[in-house]
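>>> Following is a predicted model, sequence given first.
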Amino acid sequence: MALGLTAGLYGPLAVAKSVGEKAAAVVLVVGDSMSAEYGLARGTGWVALLEKRLSQEKIAASVVNASVSGDTTSGGRSRLPALLAQHKPTHVVIELGGNDALRGLPLTNTQDNLVQMTRAAQKAGAKVLLVGMQVPPNYGSDYAKRFAGTFATVATSEKVTLVPFLLKGVADGADATKLFQSDRIHPKAEAQPAMLANVWPELRKLLR
């Protein structure tokens with residue numbers, strides 16, 4: 001089953017927008033279809049749920065969702081400078097890499113792009129949260145291990161916080177198919193709270 005891949009080669013462009021006014025922190029999410037509400041009703045994705053969580057916990061922060069369905073680390077790297085200049089984020093969440101695997105792009109390129117994105121965000125004064133992805137077993141155990149290890153390597157070398165697997169508890173569950181759309185790639189709305197639950201603890205630490 002093609003679970004756990006950040007696919008979404010087709011789908012609407014996610015328009016970046018700010019939520020909240022005069023917030024002390026600005027969280028910029030640079031991701032792909034997993035963060036761009038692909039196939040979901042607007043406002044039901046994990047990034048939208050993050051906005052609600054911040055409000056519930058009375059954390060002064062706004063969220064800019066600059067995620068684009070089908071984006072790769074190369075695309076994110078090219079888009080990031082303009083996003084940093086426009087939104088001046090205090091925190092950057094990087095959720096990219098799954099489409100690199102889907103397209104068979106070299107892992108060395110993926111790693112370099114993630115490193116350069118991380119450094120650009122840090123240079124702009126933002127704290128970085130790297131969100132990892134995993135590929136299904138049909139990609140081969142060796143590749144799967146090296147792919148997952150790419151995120152850990154970048155997090156260690158650049159000294160940033162890592163969420164190892166955005167779809168933990170979703171793609172690796174006992175009845176995972178019920179949590180995915182018909183393409184068996186993109187999670188349903190019911191899975192979004194679990195995705196936020198994977199990200200929130202680490203992001204909350206950075207917001208303190």
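Received the coordinates, thanks. Treat the numbers as computed from the prediction; the structure is a model and nothing was measured.

>>> Now do the same contact list for Val26.
For Val26, the residues meeting the contact criterion (C-beta atoms under 8 Å, 6 or more residues apart in numbering) are 18, 61-64, 87-91. For glycine as for every other residue, the C-beta is placed from the backbone atoms N, C-alpha and C.

>>> Out of those residues, the closest to Met195 would be?
The closest of the contacts of Val26 to Met195 turns out to be Val63 (C-beta to C-beta; 14.6 Å).

>>> Packing partners of the one helix or strand that closest one maps to?
For Val63, the element it lies in under DSSP states H and E is strand 61-65. Judged by 3 or more C-beta pairs under 8 Å, 6 or more residues apart in numbering; DSSP states H and E, strand 61-65 is in contact with strand 25-31, helix 46-56.

>>> how far does that strand sit from the chain's center?
Between the mean C-alpha point of strand 61-65 and the mean C-alpha point of its chain there is a distance of 14 Å (C-alpha atoms, centre = their mean, to the nearest Å).

>>> okay, the angle between it and helix 46-56?
An angle of 170 degrees separates the directions of strand 61-65 and helix 46-56 when computed by axes from the mean of the first three to the mean of the last three C-alpha atoms, to 10 degrees.

>>> Any buried residues in strand 61-65, and which?
61-65 (16 or more other C-beta atoms under 10 Å).

>>> Let's have these in CSV, adding distance to Arg184.
What follows is the buried residues of strand 61-65, written out as CSV (distance: C-beta to C-beta, whole Å):
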residue, distance to Arg184
Ala61, 34
Ser62, 34
Val63, 28
Val64, 30
Asn65, 24
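
>>> Kindly reformat the residues you listed as a markdown table containing pLDDT and distance to Thr110.
Putting those into a markdown table (pLDDT from 0 to 100; distance: C-beta to C-beta, whole Å) gives the following:
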| residue | pLDDT | distance to Thr110 |
| --- | --- | --- |
| Ala61 | 97 | 29 |
| Ser62 | 97 | 29 |
| Val63 | 98 | 25 |
| Val64 | 98 | 24 |
| Asn65 | 98 | 22 |
